[in-house]
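K.L.:
the following comprises the amino acid sequence and a computationally predicted model.
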Amino acid sequence: MVNPMVHRFKPLEGEALVAHNLKVLRKAARLSQEDMAERMTRLGFKLHQTQIAKIENGTRPVRFDEVIGLAKALSVPAANFMTEAVAGPDEPDYELQEAGFSLQAAQLEWRTARDIEQGAKARLDEAQRVYDEVAERLAAQGIPVTVATEPAFYPAPNSSWDPLRGPGAER
């Protein structure tokens, strides 16, 4: 019987390690090779899906700067990406690794939403300050001012509750 604790394979190094990590991490993040190529393009690398496939199967050499870009596109530390093999789909840690990617994506989404909320709150506070300042100045000049207690709600254009949207205009 084979002892599962004994490594049956030579440890991965160099481009083979990068190829392995790219394939496993890309799949764990539920990204296609096309998605990966698009992310790399956004980072300034002109890579096509076929080049990602060739890197993964070891038929295309990968430059050092591309390795850094691949790690960045996968949101993993470059040092780990180049030095440590990640768990493959048939290994017990793979499920945890996949859940980690989902957690990381949710955290990024939450941080983005929080930043948007904080920005909107700051703009709301500033608009309220300006409104109060103008109302006070006008009142001091003897101009009657009606103070708005609750901001009016305006639905998004073309939303289902937009009153300007005609009947039967469902999208």
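P.N.:
Right, received. Where do you want to start?
K.L.:
which positions in the worst-scoring helix or strand of the chain on mean pLDDT come out as buried?
P.N.:
In the chain, the helix or strand scored least confidently by mean pLDDT, DSSP states H and E is helix 78-83, which has a mean of 84. In terms of neighbour count (16 or more other Cβ atoms under 10 Å), helix 78-83 has its buried residues at 81-82. Just so you know, the C-beta spots here come from the backbone N, C-alpha and C atoms, and that holds for glycine as well.
K.L.:
repeat that for stretch 17-32.
P.N.:
Buried, per 16+ other Cβ under 10 Å, within stretch 17-32: 17-29, 31.
K.L.:
can you add pLDDT, distance to residue 137 and secondary structure and give those back as CSV?
P.N.:
As requested, the buried residues of stretch 17-32 are exported to CSV (pLDDT from 0 to 100; distance: Cβ to Cβ, whole Å; DSSP: H, G, I helix; E, B strand; the rest coil):
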residue, pLDDT, distance to residue 137, secondary structure
17, 88, 68, helix
18, 91, 64, helix
19, 92, 68, helix
20, 89, 68, helix
21, 89, 63, helix
22, 93, 62, helix
23, 92, 65, helix
24, 89, 64, helix
25, 89, 59, helix
26, 91, 59, helix
27, 89, 62, helix
28, 84, 59, helix
29, 86, 55, coil
31, 92, 55, coil
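K.L.:
so what does the least confident helix or strand of the chain touch, helix or strand wise?
P.N.:
On a contact count with 3 or more Cβ pairs under 8 Å, 6 or more residues apart in numbering; DSSP states H and E, helix 78-83 meets helix 14-28, helix 64-73.
K.L.:
now the angle from the helix or strand following that helix to helix 14-28?
P.N.:
Next along the chain after helix 78-83, taking DSSP states H and E as the criterion, comes helix 93-140. Computed by axes from the mean of the first three to the mean of the last three Cα atoms, to 10 degrees, the angle separating helix 93-140 from helix 14-28 equals 60 degrees.
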